[in-house]
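Undergrad: Return atomic coordinates for the entry below.
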Amino acid sequence: MELTVLPTDHRIPIESGSNLLELLRKHGVPVSYSCLAGRCGTCRCRVTEGKVVESGRDVLSASVNDGQFVLACQTTLTGSCAIEIPEADEVVVHPAKLLKGVVTGIDALTHDIRRLRLRTNKPLSFSPGQYATLQFASGHIRPYSMANIEGDDELEFHVRLVPGGRASTYIAETLKEGDTVRVSGPLGTAYLRRLHKGPMLCVAGGTGLAPVLSIVRGALAADMDNPIRLYFGVRSPRDLYGADMLRDLATRHPGLDVHIVVSEDADGSGYRGGLVTDAVAQDLPDLTGWRAYVCGAPPMVEAAQILMRQRGLPIERIYADAFYATGI
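TA: The predicted structure follows:
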């Protein structure tokens, strides 16, 4: 039995029952991974031929036309097969950590958004655009994206206060400077692809601005000179935050073009009106050769992905994180 790894065309002898990620690492195949527990999504790959078992679930490559995505750390090989590792040249390895963080600040950015700043006992290694899980107390656990980049003195998170949300209510009403927070991560696959040389499109809605800020800040720190179009959509002017941060980034990155879009009460605000996806559609008729990062509410993320695919951008070049408002 043999495992074929695309696009590198590695051919690896296998035994039934082998774990896919362990086998790839053993044979020196470049592959991204982090948590090793099926939570972070970093080791996602695609089965193009044959059959595997993922977490007790049979996966046939023929079940969809272009193969089936699986998590390598949760996948058992049962026979000869072929897999495709996306972007083998963009491998990131950030071993998952559980850190102790101390609250250094909770700042009001709008009527319902808070900036939470933490200083951890050890550095957290992550790629721009990833997120971490924060535990404030028993039953108060929630994932939030970092807005900063690796190496900063503090971790920065943007928290929207959700009515009835246990974690956000705790942050707003109970959490204070000096309190401790458990930080675990990093998680997520919508991280900055540093080897890409073409134009970048960043679309953020609400607190989806946090990972987009991290991505743009990461591009600046890496001296990337890619043209970047950043679209930030909010409901009304009172929901807008971060405009000064975006202007500051634009002054330091001549290729950064920022568009703020307000869907309600835009008249007299000085900002574009309508939906953020409509602004993208008006400005960018062809996205061939681009990479896109999309973060925000699920309906916006889904609409943006559909639009981008219609404009020539393959789904594997769209890196998305949907922010779900839940009661936790």
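Undergrad: would you say A250 is within a helix?
TA: Yes - secondary structure assignment places A250 in a helix (DSSP: H, G, I helix; E, B strand; the rest coil).
Undergrad: Enumerate every residue touching the closest residue to it other than its chain neighbours.
TA: Nearest residue to A250, sequence neighbours excluded (CB to CB, 6 or more residues apart in numbering): L256, at 4.7 Å. C-betas here are computed from N, CA, C, even on glycine. Listed by CB atoms under 8 Å, 6 or more residues apart in numbering, the contact partners of L256 are 216, 228, 230, 249-250.
Undergrad: so H158 touches N148, yeah?
TA: No - using CB atoms under 8 Å, H158 is not in contact with N148, being 10.8 Å away.
Undergrad: So between these two, which is more surrounded?
TA: H158 (24 against 20; other CB atoms under 10 Å).
Undergrad: which residues touch that one?
TA: H158 touches 109, 113-116, 144-145, 147, 207, 209-210, counting by CB under 8 Å, 6+ apart.
Undergrad: Which ones among the residues you listed map onto helices?
TA: Of the positions in those, 209-210 sit in helices, assigned by DSSP state H.
Undergrad: any idea which of the contacts of H158 is closest to T8?
TA: Using CB to CB, the shortest approach to T8 within the contacts of H158 belongs to S145, at 30.9 Å.
Undergrad: Top of the contacts of L256 by number of neighbours, please.
TA: Top of these by neighbour count (other CB under 10 Å): V216, with 30 neighbours.
Undergrad: which helices and strands does the host helix or strand of that one pack with?
TA: According to DSSP states H and E, V216 maps onto helix 209-221. Applying 3 or more CB pairs under 8 Å, 6 or more residues apart in numbering; DSSP states H and E, we find helix 209-221 packed against strand 140-145, strand 155-160, strand 200-205, strand 228-234, helix 243-252, strand 291-296.
Undergrad: tell me how far the third one is from the chain's mean position?
TA: It refers to strand 200-205. With CA atoms, centre = their mean, to the nearest Å as the basis, strand 200-205 stands 11 Å off its chain's centre.
Undergrad: Does that strand pack against any helices or strands, and if so which?
TA: helix 209-221, strand 228-234, helix 276-283, strand 291-296, helix 298-310.
Undergrad: avg pLDDT for the helix holding V216?
TA: For helix 209-221, mean pLDDT rounds to 95.
Undergrad: can you list contacts of it?
TA: 127-131, 144-149, 156-158, 188, 190-192, 194, 200, 202-204, 226, 228, 230, 232, 241-242, 245, 249, 252-253, 256, 293, 295, 321.
Undergrad: Please indicate which of those residues are buried?
TA: In terms of neighbour count (16 or more other CB atoms under 10 Å), the buried residues within the contacts of helix 209-221 are 127-131, 144-149, 156-158, 188, 190-192, 194, 200, 202-204, 226, 228, 230, 232, 241-242, 249, 253, 256, 293, 295, 321.
Undergrad: quick one: secondary structure of D286?
TA: D286 ends up coil, using three-state DSSP.
Undergrad: if we can go back for a sec, which parts of the helix holding V216 are buried?
TA: 209-220.
Undergrad: nearest to V70, of those residues?
TA: Distances from V70 to these, taken by CB to CB, are shortest for P211, at 24.4 Å.
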